[in-house]
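[1] Generate a structure from the sequence data that follows.
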Amino acid sequence: MKPQNIVAEKTSLWIFGYGSLVWKPDFKYKRSKVGYIQGYKRRFWHGDNFHRGNDELPGRVVTLIEDDDSTWGVAFEVTGSQVEESLKYLNVRETVCGGYVTKMVDFFPKGENQPPVQALVYIATADNPLYLGPASSEEIGFQIAVCSGKTGHNLEYLLRLAEFMRSSCPHVEDHHLFSIEAAAQTVVHCLLALQ
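    As a prediction, this is how the structure comes out:
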């Protein structure tokens, strides 16, 4: 379902980011909140041959996998003309290679005793040609350490996401993210030692 169909009549919309959106939204918004959604886990299982990689060496970025878990990130509230503008921008940024779905999910703001708000989330699907699926932390870390695309190095994406989790969600242990970060840093240290 296209985001425009979901929000055709909305003058306010929350958009949940769990990857690069947490540190680089690049669209105008009214306010943002750190929090989580339930029923999904974040995984570096999606390939990227544009932003963080290329056709020869696709990078790896995160997507969500349905699971009895929670994923922490940032929700952005867009209002008025920001709704259409942000969706237009995100449809290019998030779905440039196709194979994405959008869903409305419950977003729970951190530390607030309030009911959840509905938020739009973009999820890369397994039928996307760039979907890479599971691999060991070492394999994913190596791939990330050596890939780069039009938006920058894949390692930047990984390190900024890990830094967001440490600074904004220090109580959350994201083993998948942190084990890949450690593996990628080992590769970088080895490559530097060889120079």
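
[2] quick one: contacts for G133?
    Neighbouring residues of G133 by C-beta atoms under 8 Å, 6 or more residues apart in numbering: 45, 126. Where C-beta positions appear, they are placed from N, C-alpha and C, glycine not excepted.

[3] same thing but at 7 Å, please
    By C-beta atoms under 7 Å, 6 or more residues apart in numbering, the contact list for G133 reads W45.

[4] Where does it sit, in terms of helix or strand?
    G133 belongs to no helix or strand when assigned by DSSP states H and E.

[5] Now do it, the pLDDT please.
    Listed pLDDT for G133 reads 95.

[6] my read: S137 touches S179, true?
    Yes - under the criterion of C-beta atoms under 7 Å, S137 makes contact with S179 at 4.1 Å.

[7] what's the burial count for R160?
    Counted with other C-beta atoms under 10 Å, residues neighbouring R160 total 16.

[8] residues contacting it?
    R160 touches W23, counting by C-beta under 7 Å, 6+ apart.

[9] when you give positions from now on, start the count at 221
    Will do, 221 is the new start, and the previous item becomes R380.

[10] that older thread, between S357 and S399, point out the one with more neighbours.
    A direct count of neighbours by other C-beta under 10 Å for S357 and S399 places S357 higher, at 18 against 15.

[11] Give me the phi and psi angles of the more buried one.
    Backbone torsions of S357, given as degrees, to the nearest 10, read phi -60, psi -40.

[12] and the longest helix belonging to the chain, how far from the chain's centre?
    Ranked by residue count and defined by DSSP state H, the top helix of the chain is helix 395-414. Here the centre of helix 395-414 is set off from its chain's centre by 20 Å, with C-alpha atoms, centre = their mean, to the nearest Å.

[13] same question, stretch 336-347
    The answer for stretch 336-347 is 10 Å, by C-alpha atoms, centre = their mean.

[14] and it, average pLDDT?
    93.

[15] Would you check that E286 makes contact with Q258?
    No - with contacts counted by C-beta under 7 Å, E286 stays clear of Q258, the gap being 10.6 Å.

[16] Those two: which has the busier surroundings?
    Neighbour comparison, E286 and Q258: the larger count goes to Q258, with 14 against 9 (by other C-beta under 10 Å).

[17] any idea how far the more buried one lies from T291?
    8 Å (C-beta to C-beta, to the nearest Å).

[18] How about T283?
    10 Å.

[19] can you check L375 too?
    22 Å.

[20] Next: C389.
    Counting by C-beta to C-beta - C389 and T291 are separated by 10 Å.
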